[in-house]
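J.: What follows is a protein structure lacking sequence information:
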């Protein structure tokens, strides 16, 4: 498969994933209210489950060289939620017995991302 075609699959999947994320999270939030971010939670849980399924098919060599791997795994689910990637990477570390790295990955991602978001807000306050 050419690089141009590969990036086309990723772009198409990404557009679908972003639209699906907005549709689902805003729908859940309007249904349950915004007192708790249930829309984001739903997207993260569904995305993590879905990417784990894709990962399983890749491991079984059913999607190893398929264009659907780029379309679904990278594009659609990558735009749907990056939390799914974080989840699979952390599980892979755990499965390989790299407990310290897995815990460090969790702590660094949560702490660094919250700190970066806080810093951006503080910078905008001026």
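T.: That came through fine. Predicted model only: the values in this text are computed from it and were never measured.

J.: Contacts only, for residue 6.
T.: Neighbouring residues of residue 6 by C-beta atoms under 8 Å, 6 or more residues apart in numbering: 67, 70. C-betas here are computed from N, CA, C, even on glycine.

J.: The strand or helix carrying it: what's the following helix or strand?
T.: Assigned by DSSP states H and E, residue 6 belongs to helix 3-32. Downstream of helix 3-32, the next assigned helix or strand under DSSP H and E is helix 38-59.

J.: tell me how far that following helix is from the chain's mean position?
T.: Relative to its parent chain, helix 38-59 has a centroid offset of 7 Å by C-alpha atoms, centre = their mean, to the nearest Å.

J.: re earlier: between the helix holding residue 6 and helix 38-59, how big is the angle?
T.: Per axes from the mean of the first three to the mean of the last three C-alpha atoms, to 10 degrees, the angle that helix 3-32 makes with helix 38-59 is 140 degrees.

J.: what ranges of this protein fall below the confidence cut-off?
T.: For the chain, the stretches with pLDDT under 70 are 63-64.

J.: okay, which residue is most central for it?
T.: residue 82 (2.3 Å; C-alpha atoms, centre = their mean).

J.: Residue 101 touches residue 93, doesn't it?
T.: Yes: between residue 101 and residue 93 there is a contact under C-beta atoms under 8 Å: 4.9 Å.

J.: What backbone torsions are found at residue 34?
T.: phi -110, psi 20 (degrees, to the nearest 10).

J.: Kind regards, and thank you for your time.
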